[in-house]
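Asks: build me a model from this:
(2 chains)
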Amino acid sequence: MRLIDGFRQPRAAAALTAELAELGTALGARQVKLMEVCGSHTMAIARHGLKDLLPPNVRLVSGPGCPVCVTDPGYVDAALAIAERGAAVATFGDMLRVPGSRGSLADARADGADVRVFYSPVQVLDWAAADRGRPWVVLAVGFETTAAPLAALALEIRRRGCDNVTLLTATKTVPPALDALVTDPALSIDGFLCPAHVSAIIGARAYLPYAEEHGRACVVAGFEPLDVLDGVRALLTQLLRGEPRVDNRYERVVRWDGNPAAQRAIARVFRTVDAPWRGLGVIPGSGLALADDLSDLDASLRFELPVTPGRVNPACRCGDVLKGVIDPEGCRLFGAPCTPDRPFGPCMVSSEGSCAAAWRYRRSTQ
Amino acid sequence: MSRITLAHGGGGRASRHLIEHEIAHRFASGPLEGLPDAATLSAPCTGLVFSTDSFVVQPLEFPGGNIGHLAVHGTVNDVAVAGGRPLWLSLGLILEEGLPLELLRRVLDAVAAAARACDVQIVTGDTKVVPRGQCDGMYLNTAGVGAVLPTLALDRRRLAVGDRVLVSGTLGDHGMAVMCAREGFELANAPRSDTGPVHRLVMAAAACGDGIRFMRDPTRGGLAAVLDEIVDGLAVGVRLDEGHLPFSAPARAVAELLGVDLLHVASEGRVMAVCSPEVAPEVLHAWRALPEGHGAMDVGEVVAEPASVTLATLAGGRRIVDVPLGELLPRIC
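Replies: Reported below is the predicted structural model:
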């Protein structure tokens, strides 16, 4: 618990908050917009009430770093179609309530589909080994953090010869999405609170182009309250000095070069493809599909079921929320009719979604 | 005979043998003697509290207890927090064909031991056996009757600004213990269920008079769900203080790992009381003098914010304490 309690100390938080206030004053009339890229940061900020502690001229907006939130409804539709064909569908819990064009996996389960929730993807190998007569499909949704264990899963499927297990991939990488954000002239983000877990895989080095070529402040920070406050302090300090750089403040987990073994596994198992991001459109080179020599593990090929774009309610402004253009409360659907019980988009149901965070932790403290 | 068979539910010799030799003898004599169809009882008071609960927990055994302990504590605690002194329980058993007899014995021993510890009598019961696949090992139902404690006037509408919110010990241990056992997590320091009776805590609080506004046991949905129900429609709300919330180290470790908020997780041996600031120290003192209340804490206060439950965080911020949506789901990262 040392790594938790040590990063939640009230006195240290109060001292950091006072420092942030001074930095805010030093910024003068300048309005600063910082983006926390990662959904776990969004949730941590809301869960610890950290927005209350920022200077009034510093705004934290949420980015596209919630893998469930950027998954196209067409993907959920494909998973449902596979379940209807009698396969057991195994998923992380986050995906269960995400709406597709015609209902969610939770709805399908209530109607009799076999939908299982795993904590670790390798659990599926045991389930499938005990049920060899039936196809098992793993919903492979996530960023680099998840791509690494999914890569391990694919290699283990091959090693054990589990020919009844396949993957339906919607795995994505974060840097191409950041490229899209920094080159969008409509967005004016001064600095990025870079993801923590993703950075453990790809390394802090991955953010160099955003600092050096695009002049954005970049700080890798952890998920505890003191980590986030310290990260914001480091971002404001960079902005005040006018020296954008990559500052790794999460050295207890993230190395400059990341995790080479995980990077090798990802490179071995996946190939890069263009991928649709819900609300953001197709981002070139942002998707991970199975490598050609592992294509027999691809569920969409095995079931001859290509994933096609799904139907999104045009009033749902997930895209603008994911780009930090509006806060969740700025969407006309937020709170009524869109709630976690009746979500219009995944941002309202994912445990890392910005709309879910706003609904769960902030709705009446505004 | 090592397993339950359909013959045990057939009403014939096997049924009688099971009931007489495995079940009834564990619960002493009294109203069960001679196995009448119904218990005939004399109430020692005029006001009665009556409650029922069904138990379908999986797995049937977990660190800290089994379904038998839960079946007694669950109903005893419901009667207690409604302001009753628990007296009698019924026990309904629905057994799945193939259930190992040894497991049934362990569960029944737990029922008997828990009932003795709570000073309640099992006065009537029923046993059914269903074919394999029609239930998950065993389901239990208990109904409980208690005598109204005259000193308590529990009513959530009596909450007033400045009242204190007390809990009798660490929160969420039961839910995390069951989750770890169900998912087969192998942990060196695994959470243990807190399943246990709260009636002595309730009676200790009752001795503090009408400064006690309301009590509940934070089971399914945890403290968050209980508080949300309590303030619903009221002109006041509750503000919890994160620095004072008691959590055990094993439960916290697992909750942090899985992204679960322990305020959403069930306890089965805790009670939450809202009381006037004047009696709060007295209640805490009385609770801490009991083994089941040694971890009692003052965790928050009633504030003038209509129907809201918020948390003052350690970091110095504020946030809503939301109500859990439904099942607790593991997250991606």
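
Asks: OK, contacts around the residue of the stretch 1-150 of chain B found nearest chain A?
Replies: Residue nearest to chain A within the stretch 1-150 of chain B: B:Gln58 (14.4 Å; C-beta to the nearest C-beta). All C-beta atoms are positioned from the backbone trio N, CA, C, and that covers glycine. By C-beta atoms under 8 Å, 6 or more residues apart in numbering or on different chains, B:Gln58 lies in contact with B:Asp136, B:Gly137, B:Val178, B:Arg182.

Asks: make it 6 Å
Replies: B:Asp136, B:Arg182 (C-beta atoms under 6 Å, 6 or more residues apart in numbering or on different chains).

Asks: which SS state does it fall under?
Replies: With DSSP: H, G, I helix; E, B strand; the rest coil as the basis, B:Gln58 sits in coil.

Asks: tell me how many other residues crowd the closest residue to chain B within chain A.
Replies: Going by C-beta to the nearest C-beta, chain B is nearest to A:Gly49 of chain A, at 2.2 Å. Burial of A:Gly49, expressed as a neighbour count using other C-beta atoms under 10 Å in any protein chain shown, amounts to 24.

Asks: skipping adjacent residues, who's closest to it in space?
Replies: Spatial nearest neighbour of A:Gly49, excluding adjacent residues (C-beta to C-beta, 6 or more residues apart in numbering or on different chains): B:Gly317 at 2.2 Å.

Asks: what do you get for A:Ile4?
Replies: Closest residue in space to A:Ile4, ignoring its immediate chain neighbours: B:Glu256 at 6.0 Å, by C-beta to C-beta, 6+ apart.

Asks: same question, A:Arg160
Replies: Using C-beta to C-beta, 6+ apart, the nearest residue to A:Arg160 is A:Leu125, at 6.5 Å.

Asks: now the closest residue to A:Gly281 other than its chain neighbours, what's its secondary structure?
Replies: Of all residues not flanking A:Gly281 in the chain, A:Gly319 sits nearest, at 8.0 Å (C-beta to C-beta, 6+ apart). Assigned by three-state DSSP, the conformation of A:Gly319 is helix.

Asks: next, the contact list for the residue nearest to A:Gly49, please.
Replies: Counting by C-beta under 6 Å, 6+ apart, B:Gly317 makes contact with A:His48, A:Gly49, A:Leu50, A:Asp52, A:Leu53.

Asks: any idea of the mean pLDDT in the helix or strand in which A:Gln238 is found?
Replies: According to DSSP states H and E, A:Gln238 maps onto helix A:225-241. Helix A:225-241 carries an average pLDDT of 97.

Asks: repeat for stretch A:115-124
Replies: Mean pLDDT, stretch A:115-124: 92.

Asks: hmm, back to that, for the residue nearest to A:Gly281, the count of nearby residues, please.
Replies: Using other C-beta under 10 Å, A:Gly319 has 19 neighbouring residues.

Asks: can you tell me, leaving aside adjacent residues, what's nearest to A:Cys66?
Replies: Excluding the flanking residues, the one nearest A:Cys66 by C-beta to C-beta, 6+ apart is A:Gly39, at 3.1 Å.
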